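Chemist: With the sequence up front, the predicted model follows.
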Amino acid sequence: QVQTLESGGGAAQAGGSLRLSCVVSARTFSTKTMGWFRQAPGKEREFVAAISWRNADIWYGESVKGRFTISRDHAKNTIYLQMNSLKPEDTAVYYCNAAQTVAAVGGYDWTGLYAWGQGTVVTVSS
């Protein structure tokens, strides 16, 4: 069973910053593309960002491009999400998971590979 432990969420003002962390079981972390996803109240889970296991490739959802930065530290089995210029619409529960793409209408979607963890709550006020 893959385990993830997300942290770093909290309350922020619009325009502010937060940094999320996710510790991942070593076996998964070392070989998988890892991603961040989020789910706002009443909405479906949304892809935020992903990073390949060799850090060679990074992907972002359209709504966070230019504001969020994903990174990973292999020595700590941890991925990070630096969130700048926060907006109220960034309010959600944020989850990390091993990530993969699946075929979808118009191209592809990102999805998590394993069961979801507890997530960390981000609340942005205007």
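Modeler: Received, thanks.

Chemist: How much space separates T69 from S17?
Modeler: Distance of T69 to S17, computed by Cβ to Cβ, to the nearest Å: 11 Å. Where you see a C-beta, it was placed from the backbone N, CA and C, and this is true even at glycine.

Chemist: what do you get for I58?
Modeler: Distance from I58 to S17, by Cβ to Cβ: 19 Å.

Chemist: in the protein, which strand has the most residues?
Modeler: Longest strand of the chain, by residue count under DSSP state E: strand 92-104.

Chemist: list the buried ones in that strand?
Modeler: A92, V93, Y94, Y95, C96, N97, A98, A99 (16 or more other Cβ atoms under 10 Å).

Chemist: Equivalent analysis for stretch 59-76, please.
Modeler: Within stretch 59-76, the residues that count as buried by 16+ other Cβ under 10 Å are W59, Y60, G61, V64, F68, T69, I70, R72.

Chemist: and which of those residues is nearest K87?
Modeler: The closest of the buried residues of stretch 59-76 to K87 turns out to be V64 (Cβ to Cβ; 9.5 Å).

Chemist: In contact with the closest one, which residues?
Modeler: V48, A49, M83, D90 (Cβ atoms under 8 Å, 6 or more residues apart in numbering).
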